[in-house]
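Trainee: sequence plus predicted model, see below.
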Protein chains: 2
Amino acid sequence: MSDRVTIFDTTLRDGEQSPGISLDAAEKLEIAEQLARLGVDYIEAGFPVASQGDFEAVQTIARTVGLRGPNATDGLRGPNATDGLRGPNATDGLRGPNATDGPVVAALSRTHLADVDRCWDALRDAERARIHVFISTSPNHMEHMLKMNQAQVLDAIRSGVARAREHTDDVEFSPQDATRTPLDFMLEVLAAAVEAGATTLNIPDTVGYGIPWDFGALIQYIRREVAGDYVTSVHCHNDLGLAVANSLAGVQAGARQIEVCVNGLGERAGNAALEEVVMALKIRPDQFPGLATGVRTEELARTSRLVSRLTGYPVQYNKAVVGRNAFAHESGIHQHGVLAERSTYEIIDANSVGQVGSQIVLGKHSGRHAFADTLDKMGITVTGAVLNSAFARFKELADRKVQITDADLEAIVAEELGSTVSSAFSLEDLEVSGGTVGVPRARVVLSRDGEKLEATSEGDGMIDAACKAINAATGVDGRLTDFNVSSVTGGIDALGDVIIQLEADGVRVSGRGVSTDVVEASARAFLSAVNKVMRVQARAEVRQTEVGP
Amino acid sequence: MSDRVTIFDTTLRDGEQSPGISLDAAEKLEIAEQLARLGVDYIEAGFPVASQGDFEAVQTIARTVGLRGPNATDGLRGPNATDGLRGPNATDGLRGPNATDGPVVAALSRTHLADVDRCWDALRDAERARIHVFISTSPNHMEHMLKMNQAQVLDAIRSGVARAREHTDDVEFSPQDATRTPLDFMLEVLAAAVEAGATTLNIPDTVGYGIPWDFGALIQYIRREVAGDYVTSVHCHNDLGLAVANSLAGVQAGARQIEVCVNGLGERAGNAALEEVVMALKIRPDQFPGLATGVRTEELARTSRLVSRLTGYPVQYNKAVVGRNAFAHESGIHQHGVLAERSTYEIIDANSVGQVGSQIVLGKHSGRHAFADTLDKMGITVTGAVLNSAFARFKELADRKVQITDADLEAIVAEELGSTVSSAFSLEDLEVSGGTVGVPRARVVLSRDGEKLEATSEGDGMIDAACKAINAATGVDGRLTDFNVSSVTGGIDALGDVIIQLEADGVRVSGRGVSTDVVEASARAFLSAVNKVMRVQARAEVRQTEVGP
């Protein structure tokens, strides 16, 4: 059995299915780039048959990150570049002397042959690609969802896996809702998948029902009873708070791949958190003798911040490994300062997960070159229109805020990503007034392809007034369904980072905005969400409702 | 061995030690009341020797919730009431025909005899009280923190536990940092504690180092090797995301008490989450045959909301059991609506944890009686000045918002708690203006004991301007160190619930404010934090730096 525990990241597939998360191709690519930098082995980039947007995102990632295989040269990335993120002269931290192979790109598919072919179409340009075929095998799912019997399910597995194997040698199979599937049928299912050519058998605890010793025993049983040359994988959900523990129990029982999401995102209570699984393996080598992952843990904190910002899902303060309280010295209170030794209460070194970064980076006198250079050093490569607008926003903010930190820069770039799509609205002017005296009022001036649009509105509050004015100016009837603000760095002069969720005509998207003023940041977030709604509507498509393991 | 798994809640002790959380006695009492309603067996109310505030909070809880023992009559609660929360005519959901005994009140103490006595002074009025004695036993802590050798530690345990036992028959002992303590010394330590009279042996994984199978084996070993009549308890931290799994492994190995915090609060990455531990035991009876807790799970969601609001710690969307995504139908997206059966993807019934509540409760025409009555039905009993000010805020908000839901009401009452303390500042008027054009400006008018105070300020944003104006008007130089807004119920006309953390002269407190306008809510939150700083400074005390298991 291998000593390498493979990390299969499904933030862009299972994580992206969380309510209100709707990443476009540029955002997905940015996360994929960071996952590559982090050193995950597999990136599950999406579910191509679910929508045209999913298909294109998988294809984009296959054609960029997916080309960094062992034989990749820089030139390969030029002609296939589909976005403003990477010009021919881009320097890239990944290609340095310590570069390892880039991640394999994976995508999800049902067993239908047309689905498998469509999945392959999205993946085919990647140097190394995996098709992940799944079907439900529990009586509950088979009866209520599939309306298929056991023989039909077995047939579907054989044909779907075999077709996938015609496209690639790397095929993963998942029996959805495995933990509620009778053992004898599970063995038949897995044997059929191996026989048809599956090289990885993934055991999903789809509903988060597993208990560590029980789930570990299941993995052990499967490994003993199912013959063949395959890697066993675990995919655990956190409905009872046990996803990480179940994943580790799986590894102890012989699994050598763990499916995870950054920040523990995913359906309902989420999947096993990448950062927790990786650090548990690293901190307790005595419990996992000889086992290791290829993750560069110093990139964990930045990965967490990026995913939080792009998905609009805040990380709770007391989150393990990447929460702001995880390390006492990050808390700002030096109650623990009396202790001579960090190790008295901390088992993880904050440096080892990238929780300690440089603080002061740029000020109002920093020029365009210094700006681009700093981003580059942070591993963020932006060019063209995105660089221009990010720099303009930087100067604007630097006028109002003395120190712009690296976390601020990440926020600015995140806001600008995707905002350069043509026919998007941009914010020219905003004026608001309110308080306990008088009615809150807002006036906005937007522009779109050179045209100016102005509107005024009253509201329950100033943000409400600003959003209503934007609704009036754009003609999109957006409804704010969720709203979250946090300060990027702390301190009264910090940037406010606003993340909203908006619903319009049955489409639900997130938007984000950054400013020293919360109302302005909210208006920017609302407008970015409105732009996203228009892009989704332009496609006029409905997403598949099936959710996957 | 008992079939009852005792739930020992330490939200008010270990949870309250998290950075920026600083609950006053009224807030702690409100949480304790809710914990009683939830049906926990023990409430660890604080660490009396840490500060005068901690002492008084423990005493207040001992004298109210602590009097609801098996022989309690309503009359007992009259003369000891120390706050506006509970008049002689209060009706109380706890005293109905289904009432069970109230929780036992516990408090933490070091082994010093004076500490133990002080702990007992705080607890003594409770009908049933437990003293929880702890000392570190790992080489790391003994060397760097205690500067004591093994013989000295053993002596301290013997004398501290024996003294506690002179006060009460219910004594818990914890060897801090147990998971890094050599096994042979641990056995000596525990035997000494039992001999000195400890009735519960709590095994804390203080630094969150445990792995389920390893931690379970430790508990099993202790139970086998340490003779005597004691209950084994587990106290697990979540640094590797394994606190819940380790706690359950402890129960499987024979532990019959679990120490938990609501929402998984606690030092660093927190303690085992009460709601996850309780639901795992409930959902998987096959794995825990015959075992049960006394928790009324329908109260879990409300408990979570209350603790989140009073501590200022938001609950992440994908939190197990109490997160807003935990149940698909709560997500607002009916992607899963196609499924005929809830059980296809959900193993927990949302009703069973109180996640589905009545929505529309009150409107602008609702009167004072209906307001108090609705609160009463929700289990929130407020009287006197708090009721008056909460009702005034309700009317103010009902003028701006069509429907006031039960979650809104909880937020309003939470904001008003503690704001009626004399010599506090209150907000009379606020006027703000800002946007991308011109400098953000704010004017505030505050009142204090009848006196009006006015100030104006500019700022980086309108919230910044409002906070600076409040600083100027109050003379307190508060610095915003964290800022978080969420909408109470979702929807563009929702109330904004702002939670801030503020630092002034080395004191760090949280404040919260509710309004339809985020800037106004922020000003209210800032002002409530300023009032709290002044109360803390009036005591002019420094808190103990030792943190406990």
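Mentor: Noted; the coordinates are in hand. Values in this document were obtained by computation on a predicted structure and should not be read as measured data.
Trainee: CA only for contacts and neighbour counts going forward, please
Mentor: Will do.
Trainee: pretty sure residue A:299 is in a helix, no?
Mentor: Yes - Residue A:299: assigned to a helix according to DSSP: H, G, I helix; E, B strand; the rest coil.
Trainee: ok, it - contacts?
Mentor: A:37, A:38, A:353, A:354 (Cα atoms under 8 Å, 6 or more residues apart in numbering or on different chains).
Trainee: state the distance from the first one to residue A:307.
Mentor: By that I understand residue A:37. According to Cα to Cα, to the nearest Å, residue A:37 and residue A:307 sit 14 Å apart.
Trainee: who's more crowded, these two?
Mentor: Using other Cα atoms under 10 Å in any protein chain shown, the more surrounded residue of residue A:37 and residue A:307 is residue A:307, with 25 against 22.
Trainee: what does residue A:228 show for phi and psi?
Mentor: Main-chain torsions, residue A:228, degrees, to the nearest 10: phi 130, psi 170.
Trainee: give the burial count for it, as a bare number.
Mentor: Counted with other Cα under 10 Å, residue A:228 comes out at 13.
Trainee: give me the distance between the residue nearest to it when sequence neighbours are not counted and residue A:140.
Mentor: Among residues not flanking residue A:228 along the chain, residue A:194 sits closest, at 6.7 Å (Cα to Cα, 6 or more residues apart in numbering or on different chains). As judged by Cα to Cα, residue A:194 and residue A:140 stand 24 Å apart.
Trainee: tell me which of these two has more neighbours.
Mentor: Using other Cα under 10 Å, the more surrounded residue of residue A:194 and residue A:140 is residue A:194, with 24 against 18.
Trainee: the stretch 351-500 of chain A: helices as residue ranges?
Mentor: A:368-377, A:384-398, A:406-416, A:462-474 (DSSP state H, counting those that start in this stretch).
Trainee: check which residues of stretch A:427-446 are buried.
Mentor: A:427, A:430-436, A:440-446 (16 or more other Cα atoms under 10 Å in any protein chain shown).
Trainee: please disregard the earlier target; I meant stretch A:146-154.
Mentor: Buried residues in stretch A:146-154 (16+ other Cα under 10 Å): A:148, A:153, A:154.
Trainee: returning to what we had before: a markdown table please, covering the contacts of residue A:299 and showing pLDDT and distance to chain B.
Mentor: Shown next, in a markdown table, are the contacts of residue A:299 (pLDDT from 0 to 100; distance: Cα to the nearest Cα, whole Å):
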| residue | pLDDT | distance to chain B |
| --- | --- | --- |
| A:37 | 93 | 23 |
| A:38 | 96 | 19 |
| A:353 | 87 | 13 |
| A:354 | 82 | 16 |
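Trainee: give me the buried subset of those residues.
Mentor: A:37, A:38, A:353, A:354.
Trainee: just checking, the last one touches residue A:303?
Mentor: What that stands for is residue A:354. No - counting by Cα atoms under 8 Å, residue A:354 stays clear of residue A:303, with 9.6 Å between them.
Trainee: out of the helices of the stretch 351-500 of chain A, nearest to chain B?
Mentor: helix A:462-474 (6.0 Å; Cα to the nearest Cα).
Trainee: and the closest one, how far out from the chain middle?
Mentor: 30 Å (Cα atoms, centre = their mean, to the nearest Å).
Trainee: near chain B at all, it?
Mentor: Yes - with Cα under 8 Å from any Cα of the partner chain as the measure, helix A:462-474 is seen reaching chain B through A:462, A:463, A:464.
Trainee: ok, the last one to residue B:105 distance?
Mentor: Okay, so that is residue A:464. With Cα to Cα as the criterion, residue A:464 and residue B:105 are 46 Å apart.
Trainee: more neighbours: these two, which one.
Mentor: Neighbour tally, residue A:464 and residue B:105, criterion other Cα under 10 Å: the higher count belongs to residue B:105, 31 against 27.
Trainee: got a list of contacts for the helix or strand harbouring the more buried one?
Mentor: Using DSSP states H and E, residue B:105 maps to strand B:104-109. For strand B:104-109, contacts defined as Cα under 8 Å, 6+ apart pick out B:13, B:41-49, B:58, B:61-62, B:66, B:69, B:115-116, B:119, B:123, B:126-134, B:548.
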